[in-house]
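Chemist: Just a sequence and a predicted model for now, questions to come.
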Amino acid sequence: AREDRNQIRKQFSVPESAVVGVYTGRITREKGMEELWQALVLMDEEWPDGLWVILVGDGDFRALMEQKISRMKHAERIVFTGYKPRVVAYLHAADFFVHPSLHENLSISILEACAARLPCIVTDVGGNREIIREDFGMILPARDAVALQHAIIRMCSDTIRQQLRDALEQETFEQFQDDQVDRQLDLVYERLLCMDGEKV
């Protein structure tokens, strides 16, 4: 993890002292990228000390988002990596994870961030509350750039991140392990079969 952190930060000229927020996934409007851009613009006049943002992924909103961000004063602090098959190195390089999706099922990206022990900013959509609790993450309303701006600023606090990380370290996420998921699927199938038998 330390090797990944050093390598990625060196590759993109990110200082070791920087506070890095990372997003991994598709760069599309449905993933909340327009709201993320708006939140970054809101911070541009008073950019938090040491903040860098790395966006890992590709999608149909990427070109427009890059164009809009290029006009910002702090554009050099926002890195677009494009699609990467191995995102874990970028998670290891970061200090927190941001996922402002407008809708979601059960996000693998958020689970990967939790496995990397990153405090997460997520929107209150789909299954996100099944993964993230407010003692180790921040849960925001979707489509709210101002709330996202404030959450990112809060994540720049070493104290707040440490509090969230300490709580996250206690979480096992057992319910998402393969055997637990298989057991839950078996129960669903059994119920469906029983319902089907009742109809007959």
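Modeler: Happy to help now that I have it.

Chemist: so where do the helices sit in this structure?
Modeler: 2-11, 33-43, 62-69, 88-92, 108-115, 128-131, 145-155, 158-169, 178-199 (DSSP state H).

Chemist: quick one: contacts of the first one?
Modeler: Okay, so that is helix 2-11. Around helix 2-11, the neighbours that count as contacts under CB atoms under 8 Å, 6 or more residues apart in numbering are Val14, Pro15, Glu16, Ala18, Val20, Ile54, Val88, Ala89, Tyr90, His92, Ala93. To be clear about C-beta, it is placed using only N, CA and C from the backbone, and glycine gets the same treatment.

Chemist: re the thing from before, worst average pLDDT in the helices of the chain?
Modeler: Here those differ in mean pLDDT, and the lowest is helix 178-199 at a mean of 61.

Chemist: Of all the helices of the chain, which one comes closest to Ile27?
Modeler: Closest to Ile27 of these, according to CB to CB: helix 62-69, at 3.9 Å.

Chemist: That closest one packs against which elements?
Modeler: helix 33-43, strand 78-82 (3 or more CB pairs under 8 Å, 6 or more residues apart in numbering; DSSP states H and E).

Chemist: Packing partners of the shortest one?
Modeler: Using 3+ CB pairs under 8 Å, 6+ apart, the elements in contact with strand 78-82 are strand 51-56, helix 62-69.

Chemist: I'd like the mean pLDDT over it, please.
Modeler: 98.

Chemist: just the angle between it and helix 2-11, please?
Modeler: Angle between the axes of strand 78-82 and helix 2-11 is 110 degrees (criterion: axes from the mean of the first three to the mean of the last three CA atoms, to 10 degrees).

Chemist: list the contacts for the residue lying closest to Glu171 once chain neighbours are set aside?
Modeler: Distance criterion CB to CB, 6 or more residues apart in numbering; nearest residue to Glu171, sequence neighbours excluded, is Phe136 at 6.2 Å. By CB under 8 Å, 6+ apart, the residues touching Phe136 are Pro119, Cys120, Leu164, Arg165, Ala167, Leu168, Glu171.
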